[in-house]
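> mind folding the following:
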Amino acid sequence: MDRFVVVSGCSGGGKSTLVAELARRGHATVTEPGRRIVARESASGGAALPWVDLAAFARAAIAMALADRAALMTGEDPAFGAGPVFFDRGLIDAAAALEHATGEKVLAPLAAVHRYNPLVFMTPPWPEIYAQDPERRHGFQDALAEYERLLAAYPAQGYEVVPVPRTSVTARADFILERLGL
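Model (predicted):
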């Protein structure tokens, strides 16, 4: 769906800050499934955490990404209106993670049915702003490896990857909106 726009890229590359800036400007946004899952699993003592069970985490992220899309498609959440919806990561990210963890071929079948805008905005590795936190325990080298997988996964599913420049968050948001013609 053309109005569903993914902001993906390197973990710790400023995706969530960028999506928050788009929300501040009045655009509809969807929070990253991974962070929501980590918060839920940590609060409940669950094991679907990327550092405990990556496959379970990726499956939960796929389910959450599908539920997010379904809620938007059916109009269950009237706050989203008819304009663009910016996703902090999406289904492709989760499916790529599951394929990496298990070798299970889920990416192409899911991507064929559940489409996003053909432009995917990728935040590049940015060591100067990368930081670990309770929800991001992996190191920068793991973030780089994930980024490389995503750089391959999105084009393989027919998406055009648009690198987001390393600049201020306001300039990054302007860049995305201008590239979308908004």
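> could I get the full set of helices for this structure?
Taking DSSP state H as the test, the helices found in the chain are 15-24, 33-44, 54-73, 91-102, 107-113, 140-156, 169-179.
> please identify the most buried of those.
Among those, ranked by average contacts under mean count of other C-beta atoms under 10 Å, first place goes to helix 91-102 (a mean of 22). For the C-beta atoms, the positions are set from N, CA and C on the backbone; glycine is no exception.
> which one of the helices of the chain lies closest to Leu119?
Ranking the helices of the chain by their distance to Leu119 (criterion: C-beta to C-beta) puts helix 169-179 first, at 6.7 Å.
> between that closest one and helix 15-24, how many degrees?
Relative orientation of helix 169-179 with respect to helix 15-24: 70 degrees, computed using axes from the mean of the first three to the mean of the last three C-alpha atoms, to 10 degrees.
> residue ranges with poor pLDDT in the protein?
For the chain, applying pLDDT under 70 flags the ranges 1, 75-81, 126-139.
> correct me, but Ala48 touches Phe57?
Yes. When contacts are counted by C-beta atoms under 8 Å, Ala48 is listed as touching Phe57 (4.9 Å).
> residues contacting the residue lying closest to Ala153 once chain neighbours are set aside?
Closest residue to Ala153 apart from its sequence neighbours, by C-beta to C-beta, 6 or more residues apart in numbering: Ala96 at 4.2 Å. The contact partners of Ala96, by C-beta atoms under 8 Å, 6 or more residues apart in numbering, come to Leu107, Arg149, Leu150, Ala153.
> now the residues you listed in TSV, with distance to Thr170?
Compiled in TSV, the contacts of Ala96 are given as follows (distance: C-beta to C-beta, whole Å):
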residue	distance to Thr170
Leu107	33
Arg149	29
Leu150	25
Ala153	29
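> out of those, who's nearest Ala101?
Taking C-beta to C-beta as the measure, Arg149 is the one of the contacts of Ala96 closest to Ala101, at 11.0 Å.
> what's the separation between the residue nearest to the spatial centre of the chain and His114?
Nearest to the mean C-alpha position of the chain, counting by C-alpha atoms, centre = their mean, stands Arg89 at 0.6 Å. In this structure, Arg89 lies at 14 Å from His114, with C-beta to C-beta, to the nearest Å as the measure.
> do the same with Gly9
Spatial separation of Gly9 from His114 under the definition C-beta to C-beta is 20 Å.
> so for the two, which sits in the more crowded spot?
For Gly9 against His114, the residue with the higher neighbour count under other C-beta atoms under 10 Å is Gly9, and the figures read 28 against 19.
> and the more buried one, what does it touch?
Contacts here follow C-beta under 8 Å, 6+ apart; on that basis Gly9 touches Lys15, Phe121, Met122, Thr123, Pro124, Tyr147, Leu150, Val164.
> can you give me the neighbour number for the fourth one?
Using other C-beta under 10 Å, Thr123 has 24 neighbouring residues.
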